[in-house]
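> what's the 3D shape of this:
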Amino acid sequence: MTTNQDDQTQKIGEALANQSARTVTVLSSLLAIEDAIGYIPPRAIEQVAAYTDSTINDVWGVASFYTNFRFTPPGEHTVEVCWGPTCHLLGAQEILQAALQALGLSEEGDTPDGKISLKYNTCLGACSQGPVISVDHKIIGPQALGGLKGDAMVQRIIEIISQLKTGASNA
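Coordinates of the predicted model:
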């Protein structure tokens, strides 16, 4: 019988073996694992070290340097608030405060029930659509919300977060 740990070890191994990077590095290996399973579990550090002929300390040094890597499983849903200069100027502060309040968080992180992970993002690459958030990798901004801006947009984002919390699928 296969355990979850065995499944995870296998997924990590597959992610390492199936990298499309021309040159396999510690960083490319960590990125491949996070893409495959959503975070970097402790066993992945060991597997990357063995795969890249590096030390565990070298792998951990790379993994801990990049702030976008997760070391715990993410929530069922991910909400990212863009904090880039354009979004900041266009109202990201109000969106961020509303998202924190709606999720009951004081800073980025995961809700206690594990349903939603909130992240601050320095740029979601949609400056012309700002301010924007990403919900499960889908960009949502004024254009996606039918031209809503300001308080109306903030209210709609609160509704989207509420739908995610309750499990509604039309967020």
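> make it CA atoms for all contacts and neighbour counts henceforth
Will do.
> tell me, what's the model's pLDDT at residue 167?
Looking at residue 167, its pLDDT reads 81.
> okay, now it: neighbour count?
Per other Cα atoms under 10 Å, the neighbour tally for residue 167 reads 13.
> how far away is it from residue 38?
20 Å (Cα to Cα, to the nearest Å).
> what's the answer for residue 138, then?
For residue 138 relative to residue 38 (Cα to Cα), the value is 16 Å.
> these two: who's more crowded?
Applying other Cα under 10 Å to residue 138 and residue 38 shows that residue 38 carries more neighbours, namely 17 against 13.
> and that one, what does it touch?
70, 73, 74 (Cα atoms under 8 Å, 6 or more residues apart in numbering).
> just residue 34 next, same as before
40, 69, 70.
> what about it, which helix or strand?
helix 26-37 (DSSP states H and E).
> any buried residues in that helix, and which?
Buried residues in helix 26-37, counted by 16 or more other Cα atoms under 10 Å: 26, 28, 29, 30, 31, 32, 33, 34.
> pretty sure the fourth one contacts residue 64?
No. Checked against Cα atoms under 8 Å, the pair residue 30 and residue 64 is beyond contact range at 10.8 Å.
> domain ranges for the chain?
Annotated domains of the chain cover 4-65, 77-166 [automatic domain parsing].
> just the helices in this structure please.
4-17, 26-37, 42-52, 56-65, 85-89, 92-103, 150-166 (DSSP state H).
> closest one to residue 113 among the ones you listed?
Residue 113 lies closest to helix 150-166 among the helices of the chain, at 9.3 Å (Cα to Cα).
> in that closest one, what's buried?
153, 154, 155, 157, 158, 160, 161, 162, 164, 165.
> next: stretch 114-122.
Those would be 115, 116, 117, 118, 119, 120, 121, for stretch 114-122 by 16+ other Cα under 10 Å.
> how much space separates the last one from residue 45?
So the one you mean is residue 121. Computed with Cα to Cα, the distance linking residue 121 and residue 45 is 25 Å.
> equivalent analysis for the third one, please.
Look at residue 117 and residue 45: by Cα to Cα, they are 23 Å apart.
> how distant is the helix holding residue 34 from the center of its chain?
The chain centroid and the centroid of helix 26-37 are separated by 13 Å under Cα atoms, centre = their mean, to the nearest Å.
> between it and helix 42-52, how many degrees?
140 degrees (axes from the mean of the first three to the mean of the last three Cα atoms, to 10 degrees).
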